[in-house]
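Colleague: Okay, structure incoming, though there's no sequence with it:
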């Protein structure tokens, strides 16, 4: 079955591959950093955050959570040599709009009891305040011994303006 | 402290925001799909997979693991209405090159015993064969009740050529 998603992939990739010249890039990120940001559809990290192809790992999940990104960050740093991490959350994030109880209720209502059971222990990692959550993430990740020597900074991307600002 | 990562972000974002005209986009993905792919620095999902800004959630982690992406996928589907998922792993993936034991040894050697203790129970989710792992991911995610009604397909992106191919 073809869907709009599959059709985008096939058509978009055909165009991309036809002019592709970056097959020589190495596995380890050339500029030795990682970016953790949200899966939000409105964010284009490469363009909005100025990341050259091959330069940085880009980790994305719901909310841009560093807890959720921990496995990926350890691999990025300990196996592939990155030393710098930008944590970029954003205005209008869906994670500001619900909590565990709402998410679990939605699953039960949409998908039934067996599905609800599959997510009964799942932490959805929502948060009520954006700047506070950037600071919480910075504090949490910096508290890990395995993260010693890594440089972390926190940022907020505004989906309304396309601008980033630093969280101090 | 400014680093190359921070400088890229500041300079790149200034240029991006100066011509930004997409502030009207809505939170739910307009084309109702999600992409799960690897954090690898050589992958530009928007261009290589033909994803218009605002159209799809993009979830990225080490290896493009659907287990690691499970929380994000449930949110994408149950709270934000996506119904289609592309799983795209890639040639030359770092996850083909080590295993849990190697990762834990690297942490112990680089960062010491306290750091090693923090990752002693961490599953790094490495895999020995690319196509098999795409199939394993498809099988695992399709086995969840909460994923009933979602359309999944699996793909491999070739970092050497820029081309994708379907895993059947």
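Modeller: It's in. As the structure is a prediction and not an experimental result, all values here were calculated from the model.
Colleague: Endpoint to endpoint, stretch A:70-80 covers what distance?
Modeller: 14 Å (Cα to Cα, to the nearest Å).
Colleague: Distance of residue A:10 relative to chain B?
Modeller: Residue A:10 sits at a distance of 8 Å from chain B (criterion: Cβ to the nearest Cβ, to the nearest Å). (Glycine included, C-beta is placed from N, CA and C.)
Colleague: Using the three-state scheme, assign that residue.
Modeller: Of the three states, residue A:10 takes helix under DSSP: H, G, I helix; E, B strand; the rest coil.
Colleague: Return the residue of chain A that is most distant from the centre.
Modeller: Within chain A, residue A:113 marks the point farthest from the mean C-alpha position, 29.8 Å out by Cα atoms, centre = their mean.
Colleague: Just the pLDDT for that residue.
Modeller: Here, the pLDDT recorded for residue A:113 equals 96.
Colleague: Next, it: phi, psi?
Modeller: Residue A:113 has phi and psi values of phi -70, psi -40 when expressed as degrees, to the nearest 10.
Colleague: Any stretches of chain A with poor pLDDT?
Modeller: Low-confidence segments of chain A (pLDDT under 70): A:1.
Colleague: try 90
Modeller: A:1-2 (pLDDT under 90).
Colleague: Would you map the strands across chain A?
Modeller: Using DSSP state E, the strands of chain A run over residues A:33-38, A:56-61, A:84-90, A:151-157, A:164-167.
Colleague: So for chain A, the centremost residue is which one?
Modeller: Closest residue to the average C-alpha location of chain A: residue A:60 at 2.0 Å, with Cα atoms, centre = their mean.
Colleague: can you pull the contacts of that residue?
Modeller: Counting by Cβ atoms under 8 Å, 6 or more residues apart in numbering or on different chains, residue A:60 makes contact with A:36, A:37, A:38, A:39, A:43, A:45, B:58, B:59, B:60, B:61.
Colleague: list the contacts for the spatially closest residue to residue A:111 that is not a sequence neighbour?
Modeller: Sequence neighbours aside, residue B:146 is the residue nearest to residue A:111 in space, at 5.3 Å (criterion: Cβ to Cβ, 6 or more residues apart in numbering or on different chains). Contacts for residue B:146 (Cβ under 8 Å, 6+ apart) come out as A:107, A:111, A:115, A:118, A:119, B:74, B:77, B:78.
Colleague: got it, and residue A:163?
Modeller: A:157, B:13, B:17, B:20.
Colleague: ranking those residues by neighbours, who comes first?
Modeller: Highest neighbour count within the contacts of residue A:163: residue A:157, with 29 neighbours (other Cβ atoms under 10 Å in any protein chain shown).
Colleague: That one and residue A:91 touch, don't they?
Modeller: Yes. The criterion here is Cβ atoms under 8 Å, and residue A:157 meets it with residue A:91 at 7.3 Å.
Colleague: chain center to stretch A:157-168, what's the gap?
Modeller: In terms of Cα atoms, centre = their mean, to the nearest Å, the centre of stretch A:157-168 is found 15 Å from the chain centre.
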